[in-house]
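> Compute the structure for the input listed below.
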Amino acid sequence: MKKVILTGANGFVGHHILEHFIKHTDWEIYCLDKLSYASSGHDRIRDINVFNDARVKIFTTDLSLPFQEGLIKELGDISYIFHVAADSHVDNSISDPVPFVQNNVNSTLNILEYARQLPNLEKFIYFSTDEVYGSAPVGKDYSEGERFNCGNPYSASKGAAECICQSYANTYGMPIIITNTMNVIGERQHPEKYVPKVIKKILNGETVTIHSNKEKTKAGSRFYIHARNIADALLHILNDCDETLDNYDSSKGRFNIVGETETDNLELAQLIAQILGKELKYEMVDFHSQRPGHDLRYALDGQKMKSLGWVHPIPFKESLENTIQWTLENEKWLNV
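Numbers count the residues shown, from 1 in each chain. Got it, this is the predicted structure:
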């Protein structure tokens, strides 16, 4: 039985990855998390009943600090590391960038430094974001390994961590993979995020703010993807591809995990209202032209994953319907 580390397992994306790994592997999974505001304490992993699973062990630790000897001994021999933990609130990164960037960069550096001492490490997977490439003009979907154009301190912290990963691969020959994904949906998402926020406003009969261009004619757009599909893609990469980061080919060892269709935020709000059977009241508000990075559109090219034979296990609309139905049955998550 392989032993693996999953950082950020109490977070939104992390707990979906944990649940998927429990169901689809026989791994012993060591979860490392510092339980920040984004983790909602142990509520997410308590909801998926992992405390009764003998294969899962939970460690509360601050990854921005070096690994302690006691923890290293307890973890033992590790085969895979999935580094998902990160501060990800863009507005927090803009209002207070120094501790935000330090946390994301130092956490990655510390776990890489720990990982390079492991004698039997098979893969180190770093979970990054589409935002490292910056806002995408219409018609442009960024492929793996293109030049960074970070538009805010959050994306810069992720881009910097990617560069550190590349340097450890080049310098120490570590088997590192980087995944970049887009805006994520799913159950137990923090209510500050777009989908739960829209659900709550529609249920309350309130006006939904749609961030748009300066002319208020075009809403921002994304390739939304369910967290469970991301977890499935991670296993597909491990099982079907031997690529790791390469010193000479910037696309190798990098994988874009992308939603199957581009959806603008007005279309998404309309679809949520349709599924709820409720009226949508909305207002287009110029936000993106005023925000650092002008992030009206983010877009990644998902052809590489398609070439590996990966398809979304659950289509986007079905994923959204499932998320909304679950949220209606668990409304406490709209108020955490």
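
> What lies in contact with the lowest-mean-pLDDT helix or strand in the chain?
Least confident helix or strand of the chain, by mean pLDDT, DSSP states H and E, is helix 43-47 with a mean of 85. With contact meaning C-beta atoms under 8 Å, 6 or more residues apart in numbering, helix 43-47 is reached by 9-12, 15, 18, 31, 51, 58, 188, 336. Every C-beta, even on glycine, is put in place using the N, C-alpha and C of the backbone.

> 10 Å - rerun?
Helix 43-47 is contacted by residues 9-12, 14-16, 18-19, 31, 33, 39-40, 50-51, 53, 56, 58, 187-189, 330, 332-333, 336 when judged by C-beta atoms under 10 Å, 6 or more residues apart in numbering.

> Can you name the next helix or strand after that helix?
Remark: after helix 43-47, the chain's next helix or strand is strand 56-60, criterion DSSP states H and E.

> Which strands or helices does whatever helix or strand comes next after that next one pack on?
Using DSSP H and E, the helix or strand that follows strand 56-60 towards the C-terminus is helix 69-75. Here helix 69-75 touches strand 28-33, strand 56-60, helix 97-115, going by 3 or more C-beta pairs under 10 Å, 6 or more residues apart in numbering; DSSP states H and E.

> Which of the residues in the second one are classified as buried?
Yep, that's strand 56-60 we're talking about. 56, 58 (16 or more other C-beta atoms under 10 Å).

> Pairing partners for that strand, with directions?
Next to strand 56-60 in the sheet, as set by DSSP bridges, lie strand 28-33 (parallel).

> Walk me through the domains of this structure.
3-184+223-257, 190-222+261-296+315-329 (automatic domain parsing).

> pLDDT on the shortest one, on average?
Per-residue pLDDT over domain 190-222+261-296+315-329 has a mean of 93.

> swap in stretch 155-169?
98.

> now it, how far from the chain's geometric center?
Taking C-alpha atoms, centre = their mean, to the nearest Å, one finds the center of stretch 155-169 at 16 Å from the center of the full chain.

> got it, and stretch 236-250?
19 Å.

> From one end of that stretch to the other, what's the distance?
21 Å (C-alpha to C-alpha, to the nearest Å).

> Sort out which residues of it are buried, please.
236-238, 241, 243-245.

> do the same with stretch 142-149
142-146, 148.

> Deepest-packed of the helices and strands packed on helix 69-75, please.
strand 28-33 (a mean of 23; mean count of other C-beta atoms under 10 Å).

> thought Ser251 was touching Glu144?
Yes - between Ser251 and Glu144 there is a contact under C-beta atoms under 10 Å: 4.4 Å.

> shared neighbours of these two, anything?
By C-beta under 10 Å, 6+ apart, the residues touching both Ser251 and Glu144 are 243, 304.

> Would you verify that Asn149 is located in a helix?
No - remark: Asn149 does not belong to a helix; assigned using DSSP: H, G, I helix; E, B strand; the rest coil, it is coil.

> which residues touch it?
131-136, 142, 155, 159, 293.

> now what about whichever strand or helix holds Thr323, what contacts it?
According to DSSP H and E, Thr323 maps onto helix 316-329. The contact list for helix 316-329 (C-beta under 10 Å, 6+ apart) reads 185-189, 191, 195-196, 198-200, 202-203, 223-229, 259-261, 263, 268, 271-272, 275-276, 312-315, 333-334.

> Just the buried residues of that helix, please?
For helix 316-329, by 16+ other C-beta under 10 Å, it's 316, 319-320, 322-324, 327.

> Report the two of the contacts of Asn149 separated the most.
The span of the contacts of Asn149, defined through C-beta to C-beta, is set by Ala136 and Gly159 at 15.4 Å.

> ok, now which ones touch the nearest residue to Leu63 once chain neighbours are set aside?
Excluding the flanking residues, the one nearest Leu63 by C-beta to C-beta, 6 or more residues apart in numbering is Ser107, at 3.8 Å. By C-beta under 10 Å, 6+ apart, the contact list for Ser107 reads 7-8, 32, 34, 62-65, 83, 85-87, 157, 161.

> Ile78 contacts Asn120, doesn't it?
Yes - at 7.6 Å, Ile78 counts as touching Asn120 under the criterion of C-beta under 10 Å.

> Between the two, tell me which one has more neighbours.
Ile78 (21 against 9; other C-beta atoms under 10 Å).

> What separation is there between the more buried one and Glu279?
Distance, Ile78 to Glu279, by C-beta to C-beta, to the nearest Å: 52 Å.

> what touches both of Ile78 and Asn120?
Common neighbours of Ile78 and Asn120, counting by C-beta under 10 Å, 6+ apart, are 2-3.

> Is Thr179 in a helix, a strand, or coil?
Per three-state DSSP, Thr179 ends up strand.

> pLDDT score for it?
pLDDT at Thr179 comes out at 98.

> can you check Pro175 too?
pLDDT, Pro175: 98.

> Lys252 and Pro175 touch, don't they?
No - assessed by C-beta under 10 Å, Lys252 is found out of contact with Pro175, at 11.8 Å.

> Could you double-check that Pro153 lies in contact with Ser95?
Yes - look at Pro153 against Ser95 with C-beta under 10 Å: they come within range, at 9.5 Å.

> Neighbour count for those two, which is higher?
The neighbour comparison of Pro153 against Ser95 (other C-beta under 10 Å) goes to Pro153, with 22 against 10.
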